[in-house]
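Colleague: Got a sequence here, can you model it:
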Amino acid sequence: MTDPPKLLKELKDKKWISLSHVVTSDIPHFEAFNKLKTEDIATIDEDGFWGNEITIGSQYGTHIDAPNHFAKGTRDLLQIPFAERCLPLYVIDISHKVEKNPDYEITKEDILDFEKEHGQIEPKSFLALRTDWSKKFHDKEAFINKDDKGIEHTPGWSLEALKFLHEERDLTAIGHENLNTDPGLKLYENKALEAEYYWLSQDKYQVEVLTNLDKLPAKGAIITISYPQISNVSGFSAEVNAIY
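Modeller: Residues are numbered from 1 along each chain as shown. Modelled structure (predicted):
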C-alpha cells in the first residue's frame, strides 16, 4: 500500500487544473439570487486587520447542489462526505454539437458512443459535460442566451441520459458548464427542471458552472470538490479541481 507522503508526492507531480470560475458581483448567475455583495467591516489602517462581510446566494458561481436543493428528505451539504467528493472523472465532449445547436441535450446514445471509444464509465464516478459554454462566461447575455421572447437557448442533460447514468452506470455525481441541468428550451416547454429534479431526487449531487473542461482528458483524471462546512444549506460556491 502506498504511504500518504509518497502518494502526495506523486499527486504533486501531476497536472492540477482549476475548474472553478472566479466569483465577482458581475458574473452570470441564476436570477433568483441577488448579486454578490462584499463590505469591509474592518481595515488595517483603522482596526489593525482587514475583515469583510460577504452576502452570497447558495447557488452562485461554480457551485455544488446538494440533493435537498430540489428533493425533500434527501441529504444536505454537510451530509456529503469528502470521500464522495473526490472521484474518478470522465469528461464527455459534445461541444461540436452545441456549436451547431445551442439547445442540444446529451442523449443516452451520445454516452454509448463515448464508451465505445473510451470504455464503459465506471460506477461511483463523476461525469462532466463539456459544451464549451464556459467560454461565454465573460458575457452575461451570451451565457444566458435569451431570445426576444425571454427563452434561454442553452445546452444540457436529457432525462433519458440521467436515468441511464443512475440506473445502469451508478454514477455518483455529474457536472456541467452552464447554470442549469436541463436545456433552456426544455425549461420553457415543460415549465420545470425535470432532469435536475430527477438527478437530485436520487440523493445525488451535481456541480454547476464548471470551466476548463477543455483542458482535461476524456478519462483518467480525479476531481475534488471543496466548500465551507455551513449547516442547513442546499448548496454553496465550490472550489473544484482536477488532477491528472
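Colleague: Could you point out the helix or strand that follows the lowest-mean-pLDDT helix or strand in the chain?
Modeller: Lowest on mean pLDDT, DSSP states H and E among the helices and strands of the chain sits helix 184-190, with a mean of 83. Going down the chain from helix 184-190, the next helix or strand is helix 194-201, by DSSP states H and E.
Colleague: Direction included, what does the following helix or strand past that next one pair against?
Modeller: With elements assigned by DSSP H and E, the helix or strand that comes after helix 194-201 is strand 205-208. Here strand 205-208 has these sheet partners by DSSP bridges: strand 63-65 (antiparallel), strand 173-176 (parallel).
Colleague: In a markdown table: those, plus distance to K146, mean pLDDT and mean neighbour count.
Modeller: Bear in mind the C-beta positions are built from the backbone N, C-alpha and C, glycine included. Compiled in a markdown table, these are given as follows (distance: least, Cβ to Cβ, whole Å; pLDDT from 0 to 100; neighbours: other Cβ atoms under 10 Å):
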| stretch | distance to K146 | mean pLDDT | mean neighbour count |
| --- | --- | --- | --- |
| strand 63-65 | 21 | 98 | 26 |
| strand 173-176 | 18 | 98 | 25 |
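Colleague: mind listing what's buried in stretch 35-51?
Modeller: L36 (16 or more other Cβ atoms under 10 Å).
Colleague: Need the residues that contact it.
Modeller: By Cβ atoms under 8 Å, 6 or more residues apart in numbering, the residues outside stretch 35-51 that reach it are 23-27, 29, 52-56, 60-61.
Colleague: Next one: the residue sitting furthest away from the middle of the chain, what pLDDT does it get?
Modeller: For the chain, the residue at maximal distance from the C-alpha centroid (Cα atoms, centre = their mean) is E46, at 40.0 Å. Here the pLDDT value assigned to E46 is 97.
Colleague: What helix or strand is it located in?
Modeller: helix 44-47.
Colleague: Show me what I222 is bridged to.
Modeller: If you apply DSSP bridges, the partners that I222 bridges to are P88, I243.
Colleague: Assess the claim that it and V240 are in contact.
Modeller: No. I222 lies out of contact with V240 (Cβ atoms under 8 Å); the separation is 11.5 Å.
Colleague: how about the strands in this protein?
Modeller: 16-18, 37-42, 51-55, 63-65, 86-93, 105-106, 126-130, 156-157, 173-176, 205-208, 221-226, 235-237, 239-243 (DSSP state E).
Colleague: Check which helices and strands the longest helix along the chain sits against.
Modeller: Assignment by DSSP state H gives helix 108-118 as the longest helix of the chain. Judged by 3 or more Cβ pairs under 8 Å, 6 or more residues apart in numbering; DSSP states H and E, the packing partners of helix 108-118 are strand 86-93, helix 159-167.
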